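> What follows is a predicted structure for the sequence shown.
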Amino acid sequence: MNERSSVAVLPDPHRTQIADHWKTRPALVVPEDAPWRVRTAPPVDAEEHDGPVAFADLGSRLQPGSGPARDLLLDGQLVTIVGEEGGGKTTLAAQVACQLSAGENVGGYFEVEEPVSPVLIVDVEQSEEDAAIVRDDMIDRGLKVDGVFWLTANGRALDLPEDQKWLTAHVRALRPQVLILDTGTESVTDPSDSKSVKPLMIYLRGLLKHEGIRTVLMLAQPRKRTQLELPDIGRRFDDLFGSRVWKGRSSAVLYLEFSQLTVWKQRGSSIRRRWGGTSGQYVRSDSGPALIVAPQSPEELDHDRREKILAAVKDRPEEYSKSSLIEQELQIPGRSRPAWRRTVGDLVREGVLEEVGRYNRLRPKESTPLTPPESAPEPGRTRSSGNGQINTTPRIESVSGRTVVQSDPAQDARRPGRSRGGLHALSEQP
């Protein structure tokens with residue numbers, strides 16, 4: 001058998017027969033009942049298909065762009081929401097279920113045209129007591145829980161055939177329109193092994209195609225952060241899971257942070273087109289449901305950056321350089337730093353801030369220098385500090401055409417952020 005082909009290698013007489021046939025016809029039409037047509041079995045992980053479909057006719061059985069929640073949950077899609085442990089994924093999933101079944105806009109933003117019910121939550125992590133706490137929390141937030149069903153799958157592995165049959169039986173009994181899997185990465189025998197992940201993803205796709213489920217919403221928890229990962233870089237797409245199947249076979253991947261919901265992948269890019277960007281605001285509340293808000297405009301983002309920069313500089317003038325302010329004080333992630341640097345530069349050019357000293361420390365333009373230049377004595381002279389001590393002003397000398405500042409080690413030892421001999425401490429380097 002030829003490993004590169006799904007057609008068996010034929011004996012020599014048959015190969016000769018095919019070669020002669022090609023000489024007389026421009027194309028070969030192979031009859032289905034030809035005795036020499038031998039096929040191998042299809043790949044075990046291949047999804048079932050009804051047959052080839054003309055590209056122009058794709059989606060003819062569906063309404064393009066329609067779904068339980070406009071632009072967010074579309075018909076026939078597998079949507080994955082990723083978030084750190086304790087980041088609020090379960091609460092968000094319960095809110096989505098309640099708002100769909102009640103016909104309310106998801107997050108107060110994504111339109112739900114009519115009630116979508118029933119919604120089935122398949123939970124592989126929480127106990128019934130934990131689920132009851134989540135339900136009561138939804139009621140306290142003013143949400144309706146009618147039409148939402150909860151099914152425990154604790155201890156089951158949905159990549160195994162026997163557990164898939166168990167869930168299929170419950171799906172056929174309830175006939176949910178939306179299925180929520182909490183948490184997908186805990187529902188397989190080995191979430192880092194593609195051999196475990198593929199059967200689950202193929203099974204979920206089969207539910208979408210054959211069991212009347214409109215959308216599958218799966219929660220996923222990434223791997224733990226490693227000590228080698230820099231804290232200011234943030235999560236990257238490829239460090240989420242050990243297997244690429246999680247994101248490769250998802251129709252959309254959304255990343256949930258404390259105050260932000262980011263689209264990392266979505267076929268059709270409906271959310272990105274709607275937002276004009278990849279990240280929307282996620283506004284949490286202690287008394288009501290969380291809200292999903294469209295991203296801020298560039299003008300609003302620039303205004304917020306200016307306020308935070310000015311507040312930090314006014315609180316501690318001449319303490320930070322541009323880099324130390326952005327990286328250490330404000331702790332801006334690496335991918336966002338260029339915009340913050342541009343804003344600081346704009347404030348300096350506009351005369352709102354100024355850079356002073358050897359290391360270009362920032363301070364408000366209207367503030368008075370800590371040591372007025374006119375009160376400073378000439379280099380090499382001494383002055384009294386008012387308490388009987390004599391301070392020596394650093395002398396400036398020229399050595400081999402370079403300017404060298406000779407400072408007093410005793411003075412430098414008393415200056416915060418400086419080491420003996422007047423060298424700037426490494427922790428204070430811009």
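On my side now, so go ahead.
> all contacts plus neighbour counts: C-alpha atoms, from now on.
Will do.
> Tell me where the model's unsure across the stretch 301-430 of the chain.
Across the stretch 301-430 of the chain, the ranges flagged by pLDDT under 70 are 335, 367-430.
> can you pull out the helices in it?
Ranges of helices within the stretch 301-430 of the chain are 322-324, 337-349, 409-414, based on DSSP state H, counting those that start in this stretch.
> now those as CSV including mean neighbour count and distance to Lys265?
Shown next, in CSV, are the helices of the stretch 301-430 of the chain (neighbours: other Cα atoms under 10 Å; distance: least, Cα to Cα, whole Å):
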stretch, mean neighbour count, distance to Lys265
helix 322-324, 17, 32
helix 337-349, 16, 23
helix 409-414, 14, 54
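> for these, which one sits closest to Leu74?
For these, proximity to Leu74 was assessed by Cα to Cα; helix 337-349 is nearest, at 33.8 Å.
> which residues touch the closest one?
With Cα atoms under 8 Å, 6 or more residues apart in numbering as the test, helix 337-349 has contacts from Asp302, Arg305, Arg306, Ile309, Lys322, Ser323, Ile326, Glu327, Leu353, Glu354, Glu355.
> Quick one: residues contacting Thr168.
Listed by Cα under 8 Å, 6+ apart, the contact set of Thr168 reads Leu207.
> For the helix or strand containing it, buried residues please.
Secondary structure from DSSP states H and E places Thr168 in helix 161-174. Buried positions in helix 161-174, judged by neighbour count with 16 or more other Cα atoms under 10 Å: Gln164, Leu167, Thr168, Val171.
> do stretch 172-192 as well
For stretch 172-192, burial by neighbour count (16+ other Cα under 10 Å) applies to 175-192.
> List the contacts of that stretch.
90, 93, 116-125, 156-159, 196-197, 200, 211-221, 241-243.
> Tell me which entries of those residues lie within helices.
Thr90, Ala93, Ser196, Val197, Leu200 (DSSP state H).
> Select from those residues the one having the most neighbours.
Neighbour counts for the ones in helices among the contacts of stretch 172-192, by other Cα atoms under 10 Å, peak at Val197, which reaches 24 neighbours.
> what are the ranges of the helices in the stretch 51-200 of the chain?
For the stretch 51-200 of the chain, the helices defined by DSSP H, counting those that start in this stretch occupy 89-102, 128-140, 161-174, 194-210.
> got those helices as CSV, with mean pLDDT and distance to Leu362 columns?
Formatted as CSV, the helices of the stretch 51-200 of the chain follow (pLDDT from 0 to 100; distance: least, Cα to Cα, whole Å):
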stretch, mean pLDDT, distance to Leu362
helix 89-102, 96, 40
helix 128-140, 94, 47
helix 161-174, 95, 62
helix 194-210, 93, 52
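> looking at these, which is closest to Ile332?
Smallest distance to Ile332 across the helices of the stretch 51-200 of the chain (Cα to Cα): 24.2 Å, for helix 89-102.
> tilt between the closest one and helix 128-140?
60 degrees (axes from the mean of the first three to the mean of the last three Cα atoms, to 10 degrees).
> related to what we said a few turns ago, between the contacts of helix 337-349, which is closest to Arg316?
So of these, ranked by how close each gets to Arg316 (Cα to Cα), first place is Ile309, at 11.0 Å.
> What's the separation between the closest residue to the closest one other than its chain neighbours and Leu72?
Leaving aside its sequence neighbours, Ile309 sits nearest to Val344 (Cα to Cα, 6 or more residues apart in numbering; 7.4 Å). Taking Cα to Cα, to the nearest Å as the measure, Val344 falls 36 Å from Leu72.
> How about Ser66?
10 Å.
> So which of those two has more stuff around it?
Legend: neighbour count by other Cα under 10 Å for Ser66 and Leu72, higher for Leu72 (22 against 15).
> give the contact list for that one.
Phe110, Ser270, Ile271.
> same thing but at 10 Å, please
65-66, 79, 106, 109-111, 252, 254, 266, 269-271 (Cα atoms under 10 Å, 6 or more residues apart in numbering).
> farthest-separated two in those residues?
Greatest spatial distance in the contacts of Leu72: Ser66 and Leu254, 18.9 Å, computed using Cα to Cα.
> circling back: and of the helices of the stretch 51-200 of the chain, who's closest to Lys365?
Within these, the stretch nearest Lys365 is helix 89-102; the backing value is 45.3 Å (Cα to Cα).
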